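[1] Pasted the sequence and its predicted model underneath.
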Amino acid sequence: MPHNFYESDKAVSEYLLFHYGSHSDLLFDQMGPKEALGFARRSGLLHEGQSIDRRRALDLGCAVGAASHALSESFIEVVGIDFSHALIQAANRISSGRKATIEVATEGDLTRRVKVSIPNNSQPGRITFTQGDAMNLNPKLGKFDFILMANLIDRLPNPKKCLQNIHSFTAENGVLAITSPYTWLEEYTPKSKWLGGYDQNGTPIKTVDQLEGILAPHFEKIDSQNLPFLIREHDRKNQYSIAHATLWRKL
Ligand SMILES: C[S@@+](CC[C@H](N)C(=O)[O-])C[C@H]1O[C@@H](n2cnc3c(N)ncnc32)[C@H](O)[C@@H]1O
């Protein structure tokens, strides 16, 4: 996978289908793990049950934005930020038109047309999608009551830098939700910056423990759960992963 994968047409098509596709367009002949569908929406609803203000939410690494749409049902203002210009452009396009027609791969170079749309309950007028870098956020963004980092940390060159600064964007008592399958790959993150998934003098280093250490000065862990997800590549190939979601309250 090239390092600029998230700028490619393939990424735009796969993510629009992943975020907005109907179950019948995602599952070939209705086969596959149904509990893994609707991941972006489920990640955007991780704030449910938490006692926080619902004024401002940040969706960091938002891709084409379906978690932001889920957040817009509850929060007055939602900011979706992604490093990929192509994904932000696609997020803006579907958000303003409410629907889009996309080409999805079926087999080799063959494609078919699929209609995708944002959920009826979504409030696109509350959402701003903008290109930006999770490791160098503009302080002018201000503070958020809820911050979502869905499957972002293991795609960053320096995840620790992002995590060490996120407290300054989190409101008092606000909640940070991090989901990740902890798929560390050197093409995205040099091994020296991996948060886990390696052996140190005979001790296995786990990402979840490192998260606790990095976030500890400013956050306490309040919940964790497993969130399966399915990314369709073509008719007969999907990636099935199980993200680990951890929730952290600002101290
Ligand atoms: C695995 S995808 C997850 C996307 C989305 N949150 C989801 O759950 O479907 C990782 C996303 O992080 C974005 N990303 C990578 N590096 C980033 C950075 N430095 N700042 C912001 N976003 C970044 C990619 O463009 C991509 O959209």
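    Looks like it arrived, so ask away.
[2] Downstream of the helix or strand that contains residue 225, the next helix or strand is which one?
    Using DSSP states H and E, residue 225 sits in strand 219-234. Per DSSP H and E, the first helix or strand lying C-terminal to strand 219-234 is strand 237-250.
[3] Quick one: residues contacting residue 149.
    Shown in contact with residue 149 (C-beta atoms under 8 Å, 6 or more residues apart in numbering): 60-61, 134, 162, 166, 176-180. C-betas here are computed from N, CA, C, even on glycine.
[4] no, scratch that, I was asking about residue 142
    Residues near residue 142 by C-beta under 8 Å, 6+ apart: 56, 169.
[5] please redo it, this time with the cut-off set to 10 Å
    Residues near residue 142 by C-beta atoms under 10 Å, 6 or more residues apart in numbering: 56, 58, 77, 79, 168-169, 171.
[6] Report pLDDT for it.
    Looking at residue 142, its pLDDT stands at 98.
[7] Tell me how far it lies from residue 58.
    10 Å (C-beta to C-beta, to the nearest Å).
[8] how about the helices in the stretch 1-150 of the chain?
    Along the stretch 1-150 of the chain, the segments classed as helices by DSSP state H, counting those that start in this stretch run 9-20, 23-26, 39-44, 66-72, 85-97.
[9] Just the residues contacting the second one, thanks.
    Among residues not part of helix 23-26, those counted as contacts by C-beta under 10 Å, 6+ apart are 17-18, 30, 32, 34, 36-38, 102, 104, 112, 114-116, 230-232, 238.
[10] Get me the contact residues on the stretch 151-251 of the chain for the ligand.
    Residues of the stretch 151-251 of the chain found near the ligand (C-beta under 6 Å from any ligand atom) are 151-152, 155-156.
[11] From the residues you listed, which land in strands?
    Using DSSP state E, no member of those falls in strands.
[12] Make a markdown table out of those residues and add pLDDT and neighbour count.
    Below are these laid out as a markdown table (pLDDT from 0 to 100; neighbours: other C-beta atoms under 10 Å):
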| residue | pLDDT | neighbour count |
| --- | --- | --- |
| 151 | 98 | 22 |
| 152 | 98 | 22 |
| 155 | 98 | 19 |
| 156 | 98 | 21 |
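[13] And for the closest residue to residue 229 other than its chain neighbours, the neighbour number?
    In space, and not counting its chain neighbours, residue 229 is closest to residue 39: 3.5 Å by C-beta to C-beta, 6 or more residues apart in numbering. Residues within reach of residue 39, counting by other C-beta atoms under 10 Å, total 22.
[14] Over to residue 26?
    For residue 26, the tally of surrounding residues (other C-beta under 10 Å) stands at 21.
[15] and residue 39, what does it touch?
    Contacts of residue 39 by C-beta under 10 Å, 6+ apart are 18-19, 66-67, 150-151, 179, 227-231, 241, 243.
[16] measure residue 63 to residue 34 for me?
    According to C-beta to C-beta, residue 63 and residue 34 sit 22 Å apart.
[17] picking up where we left off before, now do the strand holding residue 225: which elements does it pack against?
    Packing partners of strand 219-234 (3 or more C-beta pairs under 10 Å, 6 or more residues apart in numbering; DSSP states H and E): helix 9-20, helix 23-26, helix 39-44, strand 99-107, strand 170-180, helix 207-215, strand 237-250.
[18] check contacts around the residue nearest to the spatial centre of the chain.
    In the chain, the C-alpha nearest the mean C-alpha coordinate belongs to residue 150, at 2.9 Å (C-alpha atoms, centre = their mean). Each residue near residue 150 by C-beta under 10 Å, 6+ apart is listed here: 39-40, 42-44, 46, 59-63, 66-67, 177-180, 227, 229, 243, 245.
[19] Measure how buried the closest residue in space to it that isn't next to it in sequence is and give me the count.
    In space, and not counting its chain neighbours, residue 150 is closest to residue 43: 4.2 Å by C-beta to C-beta, 6+ apart. Neighbourhood size, residue 43 [other C-beta under 10 Å]: 23.
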